[in-house]
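# have a look at this prediction, sequence included:
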Amino acid sequence: MAWRRYLVFDLDGTLIDSAPDIADAVNTLLQELGKAPLALEAVKSMIGDGAPVLLARALKAAGSPQTAGQLMPRFKIHYEAASTNRTALYPKVREILEEFRREGRHLALCTNKPSATTRVVLDHFGLSALFQSIIGGDSLKERKPAREPLPPSPRRVAMRCGRRRKRS
């Protein structure tokens, strides 16, 4: 079936380890607030539900009365300025993606990271050209895990799979 030629990847935690740069951005902001930095492992445990939730968790852990909504613009500035300083590509990622392309697969990237920052990171690692579709967290009304961010063909596949699961 043609849909088997589509592969959709997440970015953070799948293709790259961005936790060190995310932690640095969090800690730069906390330092500005006069708060102690958080350990990398502590920040890693807060990652996974989007930047606003991460920031809210970090502010709570640091004992800051300010809200993520108030500080999100500053966090974004810090992260965008340092989004490739310590971020690392996981081993063999480039080789695997290139092999999929040689096999004729259509590769898409679907991430909650903002589109501009996603492009910076992909360009830094020379991966942008490997993807036919790149969908950032600010590209559509809904973000992952909703199906809307998926490119059209994989979205149809996901919808078919979803119907099959409900019937069984």
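Done, it's in.
# tell me what the nearest residue to residue 134 once chain neighbours are set aside is bridged to.
Sequence neighbours aside, residue 109 is the residue nearest to residue 134 in space, at 4.8 Å (criterion: C-beta to C-beta, 6 or more residues apart in numbering). To be clear about C-beta, it is placed using only N, CA and C from the backbone, and glycine gets the same treatment. Beta-bridge partners for residue 109, by DSSP bridges, are residue 9, residue 134.
# the bottom helix or strand of this protein by mean pLDDT?
helix 152-167 (a mean of 39; mean pLDDT, DSSP states H and E).
# rewinding a little: got a pLDDT number for the residue nearest to residue 134?
Note for residue 109: predicted pLDDT of 91.
# for residue 60, same thing?
Reported pLDDT for residue 60: 97.
# surely residue 74 and residue 29 touch.
Yes. Using C-beta atoms under 8 Å, residue 74 is in contact with residue 29, at 5.8 Å.
# compare the two and say which is more crowded by neighbours.
The residue with more neighbours, out of residue 74 and residue 29, is residue 29; 24 against 15, by other C-beta atoms under 10 Å.
# if we ignore the residues flanking it in sequence, what's nearest that one?
residue 75 (5.3 Å).
# you'd agree the one you found is in a helix?
Yes. Assessed with DSSP: H, G, I helix; E, B strand; the rest coil, residue 75 lies in a helix.
# which residues does it contact?
25, 26, 29, 51, 55, 68 (C-beta atoms under 8 Å, 6 or more residues apart in numbering).
# and of those, the nearest to residue 99?
Residue 99 lies nearest to residue 51 out of those, by C-beta to C-beta, at 32.0 Å.
# tell me the domain ranges of this protein?
Per automatic domain parsing, the structural domains of the chain span 2-16+88-167, 19-81.
# by mean pLDDT, show me the worst of those.
domain 2-16+88-167 (a mean of 78).
# all helices of this protein, in order?
For the chain, the helices defined by DSSP state H occupy 19-32, 40-46, 51-62, 68-81, 93-102, 115-124, 152-167.
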